[in-house]
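# here's my sequence, what's the structure:
(one chain, ligands or ions: 1)
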Amino acid sequence: MWHLVWDVVVVGAGPSGSAAARACAEKGLATLCIEEHGTIGYPVQCAGLLSTSAFAECDVSRQSVQNEVSGARMVSDLGGELLFDARTTKAYVVDRCRLDLEMARKAADAGAEFLMKTSVFGVRGSCILTRGVRGREEIPFRLLIAADGPRSSVARMLGLRRPEVYLAGVQAEVPCAVDPRYVELHPNASPDFFGWVIPVSGARARVGLCAREGAKDCFDRFIARYGGNSLHLASGVIPLGVMPQTYGRRALFVGDAAGFAKPTSGGGIYTGVRSAKHAADVAAACCARKTFDDESLKDYERRWMDDFGKELDIGMKALRMRRKMTPEDIDRFCRALNNPDVIETIVRHGDMDRPGALIRRLALKPALIRAMGILFASGVRQILTGQENHHAW
Ligand SMILES: Cc1cc2nc3c(=O)[nH]c(=O)nc-3n(C[C@H](O)[C@H](O)[C@H](O)COP(=O)(O)OP(=O)(O)OC[C@H]3O[C@@H](n4cnc5c(N)ncnc54)[C@H](O)[C@@H]3O)c2cc1C
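As a prediction, the model looks like this:
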């Protein structure tokens, strides 16, 4: 049903937008979700690796699941290797297109209205300006949820500051023989992040990497090891670091639009969907009280910070350390961690979405203290050789 004034307009029908639209509709709010593409889920810009808890947050059937993984192999490419195997499913490899579509369907089933092939190009007071299949329109709203992804045009329209650092990601799906139980991580495939090999089956994998600079050249070198006969090539950006303020001017920012991707992995679905649920709770409270000032919206920031803010902070610190490491440091780091006690701790307490608790446990292990010495030495070396990078991240 079309409303004259919508309680909530959600911009973007990715996982964060559909989760927000579903949660708002389930709370009885008149909810409209606007998506600029004509089809949900395309183009796919994702490796499709979701921890079991991230997948549970999406609250969908298993129809998008292509594979289950129980562990990871870290390969330094200089001989050092580490294998973690929990011997139970730790993550799912999903078809992102199917996942996004099912999430949108659940939102529509809950009563959210979808307006496809329509782009939001402006905000005037409490109306958004759109152009698309219905021509140009001004759509009145009480609250806006910006789920419009890493390049969030809504943030620019409202004059809010964006995350400052963006990683470029490139990935191909290729036929290759892989162990379907393990994700492979190749830190040295990228100068400042890592490369991945994610098994879709025993005969197919998504091979990709992220880097701040030179991603395409690094990717060409990395993919050459796997043949490169790709029928699917994906690229996209991942914002790093949360925008300075995630609410304001009747809007709440969720998912990649806010910069919630995890700095340690680039994964953004877990935090995206969780932030969407917090936004829906605050939207319901604001609509009930009929207050939409910044003071009322600020509760959203408090909620997501309490939930995963600390994890994002720890992730940024870990990423800054990783950027200082040379390929030789990474190799030594892998070898130092290759200790039964450390591996047992990682297997038992590792959580892709909340690495903070594991890092605190590992900090007490003698083997890790040795590995931390490697990190410390690499930081000191950069300062001594004048290579210290003074960028914020
Ligand atoms: C190469 C790569 C691999 C990745 N792999 C993983 C992974 O394995 N696991 C993981 O958890 N995360 C991964 N990510 C990150 C993940 O893809 C994002 O965090 C996730 O898609 C964020 O969801 P979102 O809904 O916030 O934004 P998006 O998925 O980007 O959705 C935003 C939506 O808004 C729409 N939109 C934008 N502007 C407008 C507008 N003006 N009007 C209307 N609609 C608009 C877009 O069309 C889009 O549909 C990866 C990212 C990259 C680049």
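# number of residues surrounding residue 246?
Neighbour count for residue 246, taken as other C-beta atoms under 10 Å: 26. In this view, the C-beta of every residue, glycine as well, is placed from N, C-alpha and C.
# which residues are in contact with it?
Contact partners of residue 246, counting by C-beta atoms under 8 Å, 6 or more residues apart in numbering, are 252, 253, 258, 300, 301, 304.
# quick one: which of these sit in helices?
Those of the contacts of residue 246 mapping onto helices are 300, 301, 304, per DSSP state H.
# can you list the residues of the chain near the ligand?
11-17, 34-37, 45-50, 119-120, 147-149, 153, 169, 171, 208, 234, 236, 238, 255-257, 261, 266-269, 272 (C-beta under 6 Å from any ligand atom).
# against residue 202, how distant is residue 51?
22 Å (C-beta to C-beta, to the nearest Å).
# which of these two has more residues huddled nearby?
residue 51 (22 against 13).
# how about that one: what's its closest non-neighbour residue?
Spatial nearest neighbour of residue 51, chain neighbours left out: residue 352 (4.0 Å); criterion: C-beta to C-beta, 6 or more residues apart in numbering.
# in contact with the residue nearest to the spatial centre of the chain, which residues?
Per C-alpha atoms, centre = their mean, the C-alpha nearest to the average position across the chain is that of residue 268, at 1.3 Å. By C-beta under 8 Å, 6+ apart, the contact set of residue 268 is 16, 238, 255, 256, 260, 261, 262.
# for the fourth one, what are its contacts?
By that I understand residue 256. 14, 16, 149, 150, 152, 238, 239, 268, 272.
# coming back round to it: local confidence estimate at the residue nearest to the centre of the chain?
Looking at residue 268, its pLDDT stands at 97.
# what's the PyMOL line that selects buried ones from the residues of the chain next to the ligand?
Buried subset of the residues of the chain next to the ligand, written as a PyMOL selection, criterion 16 or more other C-beta atoms under 10 Å:
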select buried, resi 11+12+13+14+15+16+17+34+35+36+45+46+47+48+49+50+120+147+148+149+153+169+171+208+234+236+238+255+256+257+261+266+267+268+269+272
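# in strands, which of the residues of the chain next to the ligand appear?
11, 34, 49, 50, 119, 120, 169, 171, 208, 234, 236, 238 (DSSP state E).
# doesn't residue 95 make contact with the fourth one?
No - under the criterion of C-beta atoms under 8 Å, residue 50 lies out of contact with residue 95, with a separation of 11.2 Å.
# host element of residue 83?
strand 81-85 (DSSP states H and E).
# which residues sit against that strand?
Contacts for strand 81-85 (C-beta under 8 Å, 6+ apart): 70-75, 181-182, 334, 337-338, 343, 346-347, 350.
# can you map out the strands along the stretch 51-200 of the chain?
65-69, 71-75, 81-85, 91-94, 113-115, 118-124, 127-132, 135-146, 165-175, 182-186, 195-201 (DSSP state E, counting those that start in this stretch).
# comparing those, which comes out most buried?
For the strands of the stretch 51-200 of the chain, ranked by mean neighbour count under the definition mean count of other C-beta atoms under 10 Å, the leader is strand 91-94 at a mean of 24.
# pLDDT on that strand, on average?
Mean predicted confidence for strand 91-94 is 98.
# among the contacts of residue 256, which are located in helices?
Members of the contacts of residue 256 lying in helices (criterion: DSSP H): 16, 272.
# and the contacts of residue 256, which is closest to residue 176?
residue 238 (24.2 Å; C-beta to C-beta).
# tell me the confidence at the closest one?
96.
# just residue 184 next, same as before
97.
# pretty sure it contacts residue 206?
No - contact between residue 184 and residue 206 fails when scored by C-beta under 8 Å: they sit 10.7 Å apart.
# shared neighbours, the two?
196, 197, 198.
# show me what contacts the last one?
Counting by C-beta under 8 Å, 6+ apart, residue 198 makes contact with 47, 48, 49, 69, 93, 183, 184, 205, 206, 207.
# low-confidence ranges in the chain?
228, 367-393 (pLDDT under 70).
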